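Undergrad: Mind folding the following:
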Amino acid sequence: MSGWDVELEGVTRRFGEVIAVDAVDLQVVRGEFLSLLGPSGCGKTTTLRLIAGFEHPDAGVVRIDGSDVSKLPPYRRPVNTVFQSYALFPHLSVLDNVAYGLKQRGLGRRERRLRALEMLDLVHLPDLGRRRPKELSGGQQQRVALARALVMTPKVLLLDEPLGALDLKVRKALQIELKRIQQEVGITFVYVTHDQEEALAMSDRVAVMSHGRIEQLAPPQEIYDHPATDFVAGFIGDTNFIHDPDGGRIAIRPEGLRLARDGEGLRGRLVTRMVIGPTVQCVVRLADGQEVLVRVQRSGGSAVDRLTNGEEVTVSWAAEEALELTGGKA
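TA: Residues are numbered from 1 along each chain as shown. As a prediction, this is how the structure comes out:
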């Protein structure tokens, strides 16, 4: 048996004339946290639904733990899904919400209660079992939904943008919690998101998708430092595509650029200078009209701190800062 909990082999899903998932091959390693990342309409949610059983492939095979599940309904697959909408039962207590699936499996009341309490402790809600969902915050409700899914001990947990409805501070806190929980329980997580920072922060590997295909599948650092295509470079973080004087085209991150009043480099004019927390972000319009984004750490005494809008500047970079797009253009 392979070390893959999920395997997609040549999987295609069409909706009329639209190809939502286009001959995708994907192997999810046992116990890993893998994110499907991409813009709206890229096929990431349909891919998740194909694994869950809410959609069935028009071509190809879906395997979970080595078994072909392509034609099986969701309830016959060893997976559970957490959605953005919490879908908690409002008339049940938090504890009973978590234990609901176990009751459907026929487990006794005592065992259901013990396992539900264990899951509430895991998601750091040990004292809220008697409350109703309406008495919880959005972040707490999402933790309950997660506990309800985990209590069923699925082989694979599927998460469809579960933090999308939460505010920024709560979302960042739950990102840390999700990663902690995944590492603690050791269950394979397949996570769908359009948030690049979220995917890079939590995942062991990231599958960047576009037009129903996987553009690049790699660890977060490799995705960021060595994007395979123009699409990946442009979608992950901020990237400047600069036309140099020799007629070439260079992809470079904003933090890889240097800004000065004079010296060697491309001449331009400072359009906008913004202080964003610990960084200074500048937009520079070069002599040929193209605009580039420069981001530097605030130091309190650097040349960037003294620059003003409209001032002539020089943009330069070290050779090693240029990104090599290993797969060429998207």
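
Undergrad: Which residue ranges of the stretch 101-250 of the chain form strands?
TA: Along the stretch 101-250 of the chain, counting by DSSP state E, counting those that start in this stretch, strands occupy 156-160, 188-193, 205-210, 213-218, 240-243, 249-252.

Undergrad: and the fifth one, average pLDDT?
TA: Yep, that's strand 240-243 we're talking about. In this model, strand 240-243 carries a mean pLDDT of 88.

Undergrad: Out of the helices and strands in the chain, which is least certain?
TA: None of the helices or strands of the chain scores lower by mean pLDDT, DSSP states H and E than helix 303-306, at a mean of 70.

Undergrad: Quick check: mean pLDDT of the very next helix or strand once past that one?
TA: Remark: after helix 303-306, the chain's next helix or strand is strand 312-317, criterion DSSP states H and E. Average pLDDT, strand 312-317: 92.

Undergrad: Okay, domains of the protein per the record?
TA: 4-232, 239-323 (automatic domain parsing).

Undergrad: Can you tell me which of those has the worst average pLDDT?
TA: Of all the domains of the chain, domain 239-323 carries the lowest average pLDDT, namely a mean of 86.

Undergrad: Tell me where the chain has helices.
TA: Using DSSP state H, the helices of the chain run over 44-52, 94-104, 109-122, 138-150, 168-185, 196-202, 220-225, 230-235, 303-306.

Undergrad: Residue 130: which of these is closest?
TA: Within the helices of the chain, the stretch nearest residue 130 is helix 94-104; the backing value is 6.9 Å (C-beta to C-beta). (Glycine included, C-beta is placed from N, CA and C.)

Undergrad: Among the helices of the chain, which comes closest to residue 33?
TA: Per C-beta to C-beta, nearest to residue 33 of these: helix 168-185, 5.2 Å.

Undergrad: helices or strands up against the closest one?
TA: When contacts are defined as 3 or more C-beta pairs under 8 Å, 6 or more residues apart in numbering; DSSP states H and E, helix 168-185 packs onto helix 109-122, helix 138-150, strand 188-193, helix 196-202.

Undergrad: now with 6 Å?
TA: Under the contact criterion of 3 or more C-beta pairs under 6 Å, 6 or more residues apart in numbering; DSSP states H and E, helix 168-185 touches helix 196-202.

Undergrad: what does the helix it packs on rub up against?
TA: 33, 35, 37, 175, 179, 193, 206, 220, 236 (C-beta atoms under 6 Å, 6 or more residues apart in numbering).
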